[in-house]
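A.B. asks: What shape does this take:
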Amino acid sequence: MSEGRAALKLRIVVADDDPDTVRTLRLLLEDEGHDVKTASDGPAAFYAVRDFGAVHQRLAPGFVLDARLDGEARIVTFANGTVARELLVDCDDARRRLVYAVISERLKQHSASVQVVADRDTRARLI
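C.D. replies: Alright, predicted model coming up:
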């Protein structure tokens, strides 16, 4: 770990289609003491997105502290203490799209979607 820095260990997700970039970032971040998860292509990124009950481990560790499944929903606890119930609306593997609706103390209804789309032959974008 670098001299003069506080020992703050973060969980970080690195997603890129360039294996050298993923490897370099993973090594640099692990050298700083962080826990690093990686996804190196569109299918790997969507596999992490569609793992609906593991958002706290695979997509947003540190931002989302906990997630547990409850039927067609997940109960998500965010780092700021907010707890939300997120209802799974649709998971379309062919389109690599996941759609969910959020209900929490602060929100009555908020719909969201995440999609992984091809960008040239070997790249993907998370939108």
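
A.B. asks: Counting by contacts, list what the longest helix seen in the chain packs against.
C.D. replies: Counting by DSSP state H, the longest helix found in the chain is helix 19-31. Helices and strands touching helix 19-31, as assessed by 3 or more Cβ pairs under 8 Å, 6 or more residues apart in numbering; DSSP states H and E, comprise strand 11-15, strand 35-39. The C-beta positions use only the backbone N, C-alpha and C, and glycine is treated the same way.

A.B. asks: Among these, single out whichever gets nearest to L65.
C.D. replies: Evaluated with Cβ to Cβ, the helices and strands packed on helix 19-31 place strand 11-15 nearest to L65, the distance being 10.1 Å.

A.B. asks: how about the strands in the chain?
C.D. replies: For the chain, the strands identified by DSSP state E occupy 11-15, 35-39, 64-70, 73-78, 83-92, 97-104, 110-119, 123-126, in order along the chain.

A.B. asks: Now do D18 against A44, distance only.
C.D. replies: 13 Å (Cβ to Cβ, to the nearest Å).

A.B. asks: again but with L28, I slipped
C.D. replies: In this structure, L28 lies at 20 Å from A44, with Cβ to Cβ as the measure.

A.B. asks: Is it correct that R68 is in contact with R74?
C.D. replies: Yes - contact criterion Cβ atoms under 8 Å: R68 and R74 qualify, at 6.6 Å.

A.B. asks: what do those two both touch?
C.D. replies: Overlap between the contact sets of R68 and R74, as judged by Cβ atoms under 8 Å, 6 or more residues apart in numbering, is given by G53.

A.B. asks: So those two - more neighbours on which side?
C.D. replies: Neighbours per residue (other Cβ atoms under 10 Å) separate R68 from R74, with R74 holding more: 22 against 11.

A.B. asks: who's that one bridged to?
C.D. replies: Applying DSSP bridges to R74 yields these beta-bridge partners: L69, E86.

A.B. asks: same question, the one 4 residues further on
C.D. replies: Here F78 sits in beta bridges with V64, as judged by DSSP bridges.
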